[in-house]
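K.L.:
Coordinates for the following, if possible.
(chains A and B)
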Amino acid sequence: MKIMLNGQEREAREGETILEMCRREGIPIPTFCYYQAFGGQGACRMCMVELREEGQEQTRLVAACTYPIKSSVEIITESERIQRLRRTIVMLLARRAPDNPLMEALARTYSSPRLTAIEVEPPNCILCGLCIHACEEMGRTAIWSMFRGIDKRIGTPYDEASEDCIGCAACARICPTQAINLEEEGSTRRIWNKTFELVACQRCGKNYTTREELEYLWERTEYGKEKLCESCRKKTLAINMKSFQQ
Amino acid sequence: MWKELLMSMGGRAMQASINVNSNDRQTVLVCCGTGCTANGGREVFKTFETLLKDHAEIELLPVIKATGCNGWCEKGPLVRLLPRDITYCSVAPEDVSEIIDKTLIEGILIKRLLYRDPVSKEYLSSHHQTDFYRKQHKIALRNIGEIDPGQIDDYIEREGYQALKKALQEMSGQGIINIVQAAGLRGRGGGGFPTGRKWQACKNASGEEKFIICNGDEGDPGAFMDRSILEGDPHTIIEGMILGAYAVGASRGYVYVRDEYDLAVQNLGQAINDARQRGYLGNRILGSDLTFDIEIVRGGGAFVCGEETALIASIEGRTGEPHDKYVFPTEKGLWGMPTVINNVETWANVPVIVLHGAEPFARIGTKNSKGTKVFSLVGKVVNTGLVEVPMGTTLREVIYEIGGGLLKKRSFKAVQTGGPSGGCIPASLLDLPIDFDSLTEAGSMMGSGGLIVMDDHTCMVEVARYYTNFLAGESCGKCTPCREGLRAQLEILNRICDGEGTIEDLDLLEDISVTMQEASLCALGRTAPNPVLSTLRYFREEYLTHIEERRCPAGVCRALTTFYIDPVKCTGCQVCKKHCSVNAIQGEKKEVHVIDESICIRCGECYRQCAFDAVKLRQEELR
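P.N.:
Residues are numbered from 1 along each chain as shown, chains lettered A, B, ... in the order given. Have a look, this model is predicted:
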């Protein structure tokens, strides 16, 4: 399907989102709440682009991460209107994570004015929702958003240690502002008010995951029963491959 | 013609009820709508039941019915007596025996319970003669107050389920869509999307199953039109939905009712059961090929669930958060299937349009907004209540002619339309004909039809702050512009009301508003800056007075207000003194009173209570 992207004709696949197409075409669009594995949520609104549908004179703003391309549309990814909007969004979001390097860099890029910081819980959380999705994709749903409106925040039920949390830390790793507190000391990991015993890699001895996560993976997948950290797993695999080839 | 038609409809129904009851059997209709129930309507109803039992001398005991809301809540509890069409206002249980003895038995009117026209000073025997009702056109509310919502036969007597019979016998699904489209019916829930077009899109969409949803998640402060219809005439919703299902090919329907509406759930639940028993719902409806049934879903208590994608998520058992509507629910809605969602009031119009055709409906209203609209008229107006008027009626007619003008003859300042994310319309636009497009142009919106009248004691900055605060708590918080935008706006408005605002704050308010309008995910966020923008547009000088002079001209913002008593005007009547909750007012009877500013908490009660205009606002700049 032929569409116009920033004044040039491009090929789009029917049903793919504007963001997917732009990423493929190498056109940069800033996002907070999008992750390739889960698709778009349409929550942060950083990825808004101008869109002109067939027969329309005016453009309208749509979220690139959720708008599916279904007809020959015209897309503009950079304009004064979009710049202004991103400037305001960064201005508003940066208050939640004022000292975060990512937010500081974006504030410079879009010359966003600095507003007074606000206290949020957990500190630096910009409520992009990626952690919730990561947890949900793990099949656990230990964290979710609580309350609504300006009181909305993310946490475990009643802020207590959640039975569903296996300490995998997928939430902490995906967080763009490193807002989720992940403490590791010796052979323990603490996250979301819950303490886990870490399991050591049988090859290199590094503490690499929690017992709960390992058991969860064993139960659900064909994952080998060896206790191997990520790099040792790769190395072992490579050795096995070699012996297989010989 | 339409008026005649309605009159004849009402006339026929009345005729029918007389025939059924035979020998001019008297009927007592006690309003048990929400407003009247709060004022003791149920007790009045029960007193009638108890007392009438003791009147063995009456040969044919009157029929007593508890009806839905008559709309004239200001004068409730209302008691109406048929066939003479007598309306008694503000009836207390103690009045019941007098009504029975004098009016029902002897046929004498009780003057003190009649409505007295404030201008002509005449006593009016029927509510139909009052300005409040004469100027109304009832379509969606046609049965409410006339029938017992618990009796399916009451509804059937007034042309109930006739549209369904006509449709199943004579019309195709497409035929219904054509009529609804030709009638020009637009969604009454706020968006104003053409209903026929929505139905057509759903009919054209392919899906294993299709769904019909009635949106009864009414949440605007001061709005109760959906509640009244669900409570007072549930069968019209059911009939409307069956017609919709037949039109688009749906097999299941859901009514999403706000959780707080207990009576609505109860009445609607009974109506659904009764309709099933009569064969209007279920398999092969009235012997046709149509199979359709309705289920009630109680809302989760979030304002945002009135947004259709959030409502769908809520029915599916997910968090009530909206998502982008680049694919409409008519294509991918409930459980991914084509779904039609319409508001309660929209559904209530459908049976009338299908039965009487598009033309009588399309003749009412303006070019692009047809039919009537129900408004809940509240605030500082004499006659508060529910009114249904043709589209295109001016705000002045609604507020001054139907509403009877402002309370205490104060001067009009603004009317807030369209719920919390509507806007405030100033006196200069009072002659604006109300329709979907005119209100949007004026920077407000139709919304679900709230009309909140404000007088000159209202601070418009505080009004904007109030609604922004409401929305900040009711936004779902998913998207950045709505959540963070409302937070920032609320902080700024709080600052201005506290006398700490700056001129730059106004630019910031506008900048944030634009981003909210353009980038928010759903209609709640996109319209959320309306209270701020409309007050900035029409009442900017009030913002400037707060910021530059540090003064609240309406005497509402406490940090910016001081009151004093004008010794020339004070009569020493002691009303202000009695109303002062902190005893800050000193003064003997018939002597000039004085406010002790060190004790005064600036609540403004004395200012509002003084009948002699003696309590004044200090006008000079503070500090």
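K.L.:
drop to CA atoms for contacts and neighbour counts, all remaining ones
P.N.:
Will do.
K.L.:
Now the closest residue to B:Phe292 other than its chain neighbours: phi and psi?
P.N.:
With CA to CA, 6 or more residues apart in numbering or on different chains as the criterion, B:Phe292 has its nearest non-adjacent residue at 4.5 Å, and that residue is B:Ser251. Main-chain torsions, B:Ser251, degrees, to the nearest 10: phi -120, psi -10.
K.L.:
Can you get me a residue count around B:Ser251?
P.N.:
19 (other CA atoms under 10 Å in any protein chain shown).
K.L.:
Verify the contact between it and B:Glu295 for me.
P.N.:
No - counting by CA atoms under 8 Å, B:Ser251 sits too far from B:Glu295 to count as a contact (11.5 Å).
K.L.:
average pLDDT for the longest strand belonging to chain B?
P.N.:
Secondary structure of chain B read by DSSP state E shows that its longest strand is strand B:372-379. The average pLDDT within strand B:372-379 is 94.
K.L.:
List of residues touching it?
P.N.:
With contacts defined as CA atoms under 8 Å, 6 or more residues apart in numbering or on different chains, strand B:372-379 is touched by B:137-141, B:188, B:222-225, B:345, B:364-365, B:383-391, B:399, B:403, B:448-454.
K.L.:
Which other helices and strands does the helix or strand of chain A with the lowest mean pLDDT contact?
P.N.:
Taking mean pLDDT, DSSP states H and E as the measure, helix A:230-245 is the helix or strand of chain A with the lowest mean score, a mean of 85. Packing partners of helix A:230-245 (3 or more CA pairs under 8 Å, 6 or more residues apart in numbering or on different chains; DSSP states H and E): none among the helices and strands.
K.L.:
Export that helix to PDB, keeping only CA atoms.
P.N.:
The C-alpha trace of helix A:230-245 is given here as PDB (Å, rounded to 0.1, in the frame of the first residue of the first chain):
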ATOM      1  CA  GLU A 230      22.700 -15.900  30.700                       C
ATOM      2  CA  SER A 231      26.300 -15.700  29.500                       C
ATOM      3  CA  CYS A 232      27.200 -19.200  30.700                       C
ATOM      4  CA  ARG A 233      24.100 -20.600  29.000                       C
ATOM      5  CA  LYS A 234      25.400 -19.100  25.800                       C
ATOM      6  CA  LYS A 235      28.800 -20.500  26.300                       C
ATOM      7  CA  THR A 236      27.500 -24.000  27.100                       C
ATOM      8  CA  LEU A 237      25.300 -23.900  24.100                       C
ATOM      9  CA  ALA A 238      28.300 -22.900  21.900                       C
ATOM     10  CA  ILE A 239      30.300 -25.800  23.300                       C
ATOM     11  CA  ASN A 240      27.500 -28.300  22.800                       C
ATOM     12  CA  MET A 241      27.000 -27.000  19.200                       C
ATOM     13  CA  LYS A 242      30.700 -27.600  18.500                       C
ATOM     14  CA  SER A 243      30.700 -31.100  19.800                       C
ATOM     15  CA  PHE A 244      27.500 -31.700  17.800                       C
ATOM     16  CA  GLN A 245      29.300 -30.500  14.600                       C
END
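K.L.:
picking that back up, only alpha carbons, please: show the longest strand of chain B as CSV.
P.N.:
This file holds the C-alpha atoms of strand B:372-379, laid out as CSV (Å, rounded to 0.1, in the frame of the first residue of the first chain):
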residue,chain,number,x,y,z
THR,B,372,-35.7,17.3,21.7
LYS,B,373,-33.1,17.2,24.4
VAL,B,374,-33.5,16.6,28.1
PHE,B,375,-31.7,19.0,30.4
SER,B,376,-31.2,18.8,34.1
LEU,B,377,-31.7,22.4,35.1
VAL,B,378,-30.0,23.1,38.4
GLY,B,379,-28.2,25.7,40.3
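K.L.:
quick one, helices of the stretch 251-400 of chain B?
P.N.:
B:262-277, B:308-315, B:344-356, B:358-362, B:395-396 (DSSP state H, counting those that start in this stretch).
K.L.:
these two touch, right, A:Gln58 and A:Glu50?
P.N.:
No - using CA under 8 Å, A:Gln58 is not in contact with A:Glu50; the gap is 9.5 Å.
K.L.:
Chain B against chain A: which residues are in contact?
P.N.:
Within chain B, the positions adjacent to chain A are B:323-324, B:326, B:471-481, B:483-488, B:511-512, B:515, B:518-521 by CA under 8 Å from any CA of the partner chain.
K.L.:
which ones are touching the residue lying closest to B:Ile585 once chain neighbours are set aside?
P.N.:
Excluding its sequence neighbours, the residue lying closest to B:Ile585 (CA to CA, 6+ apart) is B:Ile595, at 4.5 Å. Residues counted as contacts of B:Ile595 (CA under 8 Å, 6+ apart) are B:563-565, B:584-586.
K.L.:
Return the member of these nearest to chain A.
P.N.:
Nearest to chain A among the contacts of B:Ile595: B:Phe563, at 34.4 Å, using CA to the nearest CA.
K.L.:
What's the separation between that closest one and A:Glu160?
P.N.:
Going from B:Phe563 to A:Glu160 by CA to CA, to the nearest Å gives 51 Å.
K.L.:
so what are the domain limits for chain B?
P.N.:
Following automatic domain parsing, one finds the domains of chain B at B:17-133, B:152-362, B:372-455, B:460-548, B:562-617.
K.L.:
Tabulate those (a markdown table), appending distance to A:Asn240.
P.N.:
Converted to a markdown table, the domains of chain B look like this (distance: least, CA to CA, whole Å):
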| stretch | distance to A:Asn240 |
| --- | --- |
| domain B:17-133 | 77 |
| domain B:152-362 | 46 |
| domain B:372-455 | 65 |
| domain B:460-548 | 48 |
| domain B:562-617 | 81 |
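K.L.:
Would you single out the least confident of those?
P.N.:
Mean pLDDT is lowest for domain B:17-133 out of these, coming in at a mean of 88.
K.L.:
show me where chain A has strands.
P.N.:
Taking DSSP E as the criterion, chain A carries its strands at A:2-5, A:8-11, A:48-52, A:60-63, A:74-76, A:144-146, A:153-155, A:182-185, A:188-191, A:194-200, A:207-210.
K.L.:
Just send these back as CSV, with mean pLDDT, distance to B:Ile179 and mean neighbour count too.
P.N.:
Below are the strands of chain A laid out as CSV (pLDDT from 0 to 100; distance: least, CA to CA, whole Å; neighbours: other CA atoms under 10 Å in any protein chain shown):
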stretch, mean pLDDT, distance to B:Ile179, mean neighbour count
strand A:2-5, 95, 38, 18
strand A:8-11, 94, 42, 12
strand A:48-52, 97, 33, 24
strand A:60-63, 96, 32, 21
strand A:74-76, 97, 36, 20
strand A:144-146, 94, 45, 17
strand A:153-155, 96, 48, 20
strand A:182-185, 94, 62, 12
strand A:188-191, 96, 61, 18
strand A:194-200, 95, 62, 18
strand A:207-210, 92, 65, 21
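K.L.:
count of neighbours near B:Glu122?
P.N.:
Per other CA under 10 Å, the neighbour tally for B:Glu122 reads 11.
K.L.:
Please list all residues in contact with the closest residue to it other than its chain neighbours.
P.N.:
Closest residue to B:Glu122 apart from its sequence neighbours, by CA to CA, 6+ apart: B:Arg116 at 5.5 Å. Counting by CA under 8 Å, 6+ apart, B:Arg116 makes contact with B:122-124.
K.L.:
Please convert the buried members of the contacts of B:Ile595 into PyMOL selection syntax.
P.N.:
The buried residues among the contacts of B:Ile595 can be selected in PyMOL (16 or more other CA atoms under 10 Å in any protein chain shown) with this line:
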select buried, chain B and resi 563+564+565+584+585
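K.L.:
So which of the contacts of B:Ile595 are in helices?
P.N.:
When the contacts of B:Ile595 are checked against helices (DSSP state H), there are no matches.
K.L.:
Appreciated, that's everything.
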